[in-house]
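Engineer: Here's a sequence, model it:
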Amino acid sequence: MGKNIAVIFGGKSNENEVSVITGTMASNVLKSGGNNVIPLYMSQRGELFTGDGLLDIQNYKDGKYEKFPRASVVRGGVYVLNKKGKPKKFLKTDVALNCCHGGWGEGGGVCGLFALNDVPLASAGMFESAAFMDKYFTKRVLRSLGVKVAKYVYLRRPDEFLQAEKLQYPIIVKPAKLGSSIGIECVENREELETAVAAAFLYDDGVVCEKYIENRREINCAAYYSEGKVVVSECEEAVANSGILSFDDKYSGGGKSIFPADIDPKIALKIKKITSSVYSRLNMRGIVRFDFILSDGAVYLSEVNTVPGSLSYYLLSSGFKDFYPVLKAVIVQAEADYKEAASKTLLKTGILNNVSYKFNK
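Structural biologist: Reported below is the predicted structural model:
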């Protein structure tokens, strides 16, 4: 018998629309495996909607999703709400899958939502979600693991932009907590740097300036955990139209993918080993994509995506049909992890029994 699986997507994020693509894809793949899918679309205002019609991507045009019932995640499942916002129907949920890109959805908020409501989550945990959503903390974590990253400067205010010049031009400017290449610019001089930093701060409260690595090739590798081992994909090369990967390269057909990547087998093995090492040393879960920069034999780990676009099905399977066993594996693992966590003891100290003073006079 299939499971009741809540798939949450959308979110208070600039990547809301990209997330709809991932969420509806994953939902339909899970349905093809005989599961009962509970779609949960989070609008950019943070409202949750549910209903089978949300599996049709056409219902997101012109705000059509608003005709569907509102929803709320509660202990053990999801409540469908009536028009007055009162609970109407309870949908028991066996497990949830996070397909939110960016914002609190990818940055740990969704993890906390389902953890607090005792619903197993077949996706990355709160720590890695929060840490890797922020490009500054990403570099701090990776450096602590001995992983090579590009030289960078972190800015907290627009007027600090001159600090980035120590990197020497060209410099890549990135909003710290955005994904999908939104707000990213490669600059060649001080005027461009000041403009790009100011623009990035329109999106975010922190900006990472990174030394542009010459002769760069963008190499991606995905991983997930199942049955006691980390499963790692082959490497993919993402080819940009020029310089660095843009939003159009990723989602509007501007760039192209070469899979498997045409790189030295020893380099490919090194990238896969780094992927497996970081994933396992942080005890990660769910499908995670690791984005590398390859330059003249040197390998840099650039970003870690805990909710990758389309859940990296194209790296882990030959198509949607073959992707179902991957999703099934992370769901089974999530249930096993939840069962193990639930077996731990919550301590009750009894200290309140010894409190004698009163706060109210």
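Engineer: mind checking pLDDT for the residue nearest in space to the middle of the chain?
Structural biologist: Most central in the chain under CA atoms, centre = their mean is residue 307, positioned 2.5 Å from the mean C-alpha point. We have a pLDDT of 97 for residue 307.
Engineer: Give me the contacts around stretch 192-211.
Structural biologist: Defining contact as CB atoms under 8 Å, 6 or more residues apart in numbering, one finds that stretch 192-211 is touched by 14, 134-136, 139, 150-158, 161, 163-165, 167-169, 171-178, 182-183, 185, 187. The C-beta positions use only the backbone N, C-alpha and C, and glycine is treated the same way.
Engineer: For it, measure first residue to last.
Structural biologist: Using CA to CA, to the nearest Å, one end of stretch 192-211 lies 15 Å from the other.
Engineer: for the stretch 151-300 of the chain, what spans make up the strands?
Structural biologist: 152-155, 171-175, 185-187, 207-211, 216-226, 229-232, 236-239, 256-258, 288-295, 298-305 (DSSP state E, counting those that start in this stretch).
Engineer: Of these, which is nearest residue 2?
Structural biologist: strand 216-226 (18.9 Å; CB to CB).
Engineer: If you count contacts, what does the closest one end up packed against?
Structural biologist: Judged by 3 or more CB pairs under 8 Å, 6 or more residues apart in numbering; DSSP states H and E, strand 216-226 is in contact with strand 229-232, strand 236-239, helix 265-281, strand 288-295, helix 313-316, helix 320-342.
Engineer: okay, these in a markdown table with distance to residue 56 next?
Structural biologist: Shown next, in a markdown table, are these (distance: least, CB to CB, whole Å):
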| stretch | distance to residue 56 |
| --- | --- |
| strand 229-232 | 31 |
| strand 236-239 | 29 |
| helix 265-281 | 34 |
| strand 288-295 | 27 |
| helix 313-316 | 19 |
| helix 320-342 | 16 |
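Engineer: Go through the strands of the stretch 151-300 of the chain and name the closest to residue 46.
Structural biologist: strand 171-175 (20.1 Å).
Engineer: and the angle from that closest one to strand 207-211?
Structural biologist: Orientation of strand 171-175 against strand 207-211 (axes from the mean of the first three to the mean of the last three CA atoms, to 10 degrees) gives an angle of 160 degrees.
Engineer: Strand 171-175 pairs with which strands?
Structural biologist: strand 185-187 (antiparallel), strand 207-211 (antiparallel) (DSSP bridges).
Engineer: and it, average pLDDT?
Structural biologist: 95.
Engineer: ok, now stretch 218-236?
Structural biologist: Stretch 218-236 comes out at a mean pLDDT of 97.
Engineer: what about residue 87, how many residues close to it?
Structural biologist: Neighbour count for residue 87, taken as other CB atoms under 10 Å: 12.
Engineer: pretty sure residue 135 is touching residue 174, no?
Structural biologist: Yes: checked against CB atoms under 8 Å, the pair residue 135 and residue 174 is within contact range at 5.8 Å.
Engineer: circling back: what's the closest of the strands of the stretch 151-300 of the chain to residue 75?
Structural biologist: Among the strands of the stretch 151-300 of the chain, strand 216-226 sits nearest to residue 75 (CB to CB), with 26.3 Å.
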